[in-house]
Structure formats: structure tokens, C-alpha cells
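>>> Build me a structure from this.
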Amino acid sequence: MKRASLILCAALLLAGCGARELLQPAAGTSMPPKPAMAKTIPTVAELLTPTTQQRPGRSEELLLRSEERPDDHFDLPPPG
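Residues are numbered from 1 along each chain as shown. Here you go, the predicted structure:
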């Protein structure tokens, strides 16, 4: 039983480490067409790199002290 679980773990570890190659279009196909407003056709690396809109940066700003909100004249209770 111990040997079988060891072989299973080794097989799972080997299955997780595959060869990594550069991505290329499938055989017989080409890269996507040039975007309408782009000056050049983007490369594979440029297509795979997310923009700041797709992956915004984190704000590490911490709230150091609590502050009372200023009075808002339009923040009225619900009617009724």
C-alpha cells in the first residue's frame, strides 16, 4: 500500500512538470489581424501581457486613522 501511494505521488509530480515552449499559432493559421488603431501587429508576448485595465495594480494604502465624514446635506433618510 505504501509503495503504491509512493508511485502515485511520483506520477503526479512528473505529470505536473511539462516542457515549456514558446507559444506559436497552430499549423496552417496565422496571428490575429492588426487592431484598427495599432501601428504594428502585436507580438505574442504583447498579446499575452495583460494591460493595467485588465489587471489593475493593488493599492497598498492603509487607513491609519479613522476620520469623521463631512456633513452631506443630500444624505436624507428614506421617506415614510
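>>> Distance-wise, check the residue positioned nearest the centre of the chain relative to Arg65.
Closest residue to the average C-alpha location of the chain: Arg55 at 5.7 Å, with C-alpha atoms, centre = their mean. Arg55 is 31 Å from Arg65, where distance means C-beta to C-beta, to the nearest Å. No exception for glycine: its C-beta is placed from N, CA and C like everyone else's.
>>> that older thread, helix, strand or coil: sort out the residue nearest to the centre of the chain for me.
Following DSSP: H, G, I helix; E, B strand; the rest coil, we place Arg55 in the coil state.
>>> Per-residue pLDDT of it, please?
We have a pLDDT of 83 for Arg55.
>>> What segments of this protein are helices?
2-16, 44-48 (DSSP state H).
>>> Most tightly packed of those?
Stretch with highest mean neighbour count among the helices of the chain: helix 44-48 (a mean of 10; mean count of other C-beta atoms under 10 Å).
>>> starting at the chain centroid, how far to it?
Mean C-alpha position of helix 44-48 versus that of the full chain (C-alpha atoms, centre = their mean, to the nearest Å) differs by 14 Å.
>>> Quick one: list the elements packing against it.
Of the remaining helices and strands, none touches helix 44-48 by 3 or more C-beta pairs under 8 Å, 6 or more residues apart in numbering; DSSP states H and E.
>>> got the CA positions of it in CSV?
What follows is helix 44-48, C-alpha atoms only, in CSV (Å, rounded to 0.1, in the frame of the first residue of the first chain):
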residue,chain,number,x,y,z
VAL,A,44,2.9,37.0,-29.0
ALA,A,45,4.5,38.5,-25.8
GLU,A,46,2.5,41.7,-26.2
LEU,A,47,-0.8,39.8,-26.7
LEU,A,48,-0.1,37.7,-23.6
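>>> Right, I'll leave it there.
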